[in-house]
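Engineer: I would like the atomic coordinates for the input below:
(2 chains)
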Amino acid sequence: DQQVKQNSPSLSVQEGRISILNCDYTNSMFDYFLWYKKYPAEGPTFLISISSIKDKNEDGRFTVFLNKSAKHLSLHIVPSQPGDSAVYFCAARDGGATNKLIFGTGTLLAVQP
Amino acid sequence: EAGVVQSPRYKIIEKKQPVAFWCNPISGHNTLYWYRQNLGQGPELLIRYENEEAVDDSQLPKDRFSAERLKGVDSTLKIQPAELGDSAVYLCASSFQGTSSTQYFGPGTRLTVL
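Structural biologist: Reported below is the predicted structural model:
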């Protein structure tokens, strides 16, 4: 049973435009959400996070939105740059002190020059 | 500051052979995690250490997998014997204990079992 879902395996956008990556989850006990970016042959790199008590967190070109009622979060990248091309993983923490992260399957973003 | 270090980066072995992966976490990080990432999937937690204690190993296949973190710093993950289905990328991550959900990952070891 996939608790964190990224239903779009890939996304292609033009440089300068907005990239929107989506993530859905099923467990209402998740209390923290993170986005990781992964280049080929490298480990995932932390990008941005959001607590379940917030609905938005912004860091430069990256903004994460959380809709708890819909159990949905999204990552917006504006403007998109070719260097943003990577696989993006959504992850959710299962709450409490375990700090266990549940990852989605990833979305491959390709930003076209 | 150095990140999470893993070695080897790549390993190719025949089935039924043993294999070991090593991880050195970021200095000062008490918590260490081993993940397995299959092709096309996200990382899945195998085991989590708080200092030298394994506090969550529920996803570790204990018949063939073992791990240790004897001095609470670096860690070794072992598979013996390896099976074809163990081919994957094995990722190590670390974080501060209890203060942050942010886990920092190493580059991983890509294991191919023939």
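Engineer: spell out which residues of chain A are next to chain B.
Structural biologist: Residues of chain A lying close to chain B (C-beta under 8 Å from any C-beta of the partner chain) are A:4, A:32, A:34, A:36, A:41-46, A:49, A:89, A:91, A:93, A:97-101, A:103-106. Where C-beta positions appear, they are placed from N, C-alpha and C, glycine not excepted.
Engineer: list the contacts for A:Ser52?
Structural biologist: Contacts for A:Ser52 were tallied using C-beta atoms under 8 Å, 6 or more residues apart in numbering or on different chains; they are A:Phe30, A:Asp31, A:Tyr32, A:Phe33, A:Leu66, A:Lys68.
Engineer: now do the SS call for the first one.
Structural biologist: When you say that, I think you mean A:Phe30. Under the three-state scheme (DSSP: H, G, I helix; E, B strand; the rest coil), A:Phe30 adopts coil.
Engineer: verify the contact between it and A:Gly95 for me.
Structural biologist: Yes - taking C-beta atoms under 8 Å as the definition, A:Phe30 is a contact partner of A:Gly95 at 6.2 Å.
Engineer: pull the number of nearby residues for residue 31.
Structural biologist: Unless you meant another one, I'm taking chain A. Per other C-beta atoms under 10 Å in any protein chain shown, the neighbour tally for A:Asp31 reads 15.
Engineer: wait, I meant chain B there
Structural biologist: Neighbour tally, B:Thr31, other C-beta under 10 Å: 20.
Engineer: okay, and the helix or strand of the chain with the least pLDDT?
Structural biologist: Since no chain was named, I'll use chain A. strand A:101-103 (a mean of 92; mean pLDDT, DSSP states H and E).
Engineer: please refer instead to chain B.
Structural biologist: In chain B, no helix or strand scores lower on mean pLDDT, DSSP H and E than strand B:53-56, which sits at a mean of 89.
Engineer: now whichever residue of chain A sits closest to chain B: closest residue in space, sequence neighbours ignored.
Structural biologist: In chain A, no residue comes nearer to chain B than A:Phe103, which is 2.9 Å away by C-beta to the nearest C-beta. The spatially closest residue to A:Phe103, leaving aside those adjacent along the chain, is B:Gly42, at 2.9 Å (C-beta to C-beta, 6 or more residues apart in numbering or on different chains).
Engineer: surely that neighbour is within a strand?
Structural biologist: No - counting by three-state DSSP, one finds B:Gly42 to be coil, located in no strand.
Engineer: wait, it touches A:Ala92, no?
Structural biologist: No - applying C-beta under 8 Å, one finds B:Gly42 not in contact with A:Ala92, separated by 10.7 Å.
Engineer: give me the phi and psi for B:Gly85.
Structural biologist: Torsion angles at B:Gly85 (phi, psi; degrees, to the nearest 10) stand at phi -70, psi 0.
Engineer: excluding chain neighbours, give the residue nearest to it in space.
Structural biologist: B:Val113 (7.8 Å).
Engineer: that neighbour: neighbour count?
Structural biologist: Counted with other C-beta under 10 Å, residues neighbouring B:Val113 total 20.
Engineer: and what of A:Ile50?
Structural biologist: Neighbour count of A:Ile50, defined by other C-beta under 10 Å: 20.
Engineer: what's the first helix or strand after the host helix or strand of it?
Structural biologist: Take DSSP states H and E as the rule and A:Ile50 turns out to sit in strand A:45-51. Downstream of strand A:45-51, the next assigned helix or strand under DSSP H and E is strand A:56-59.
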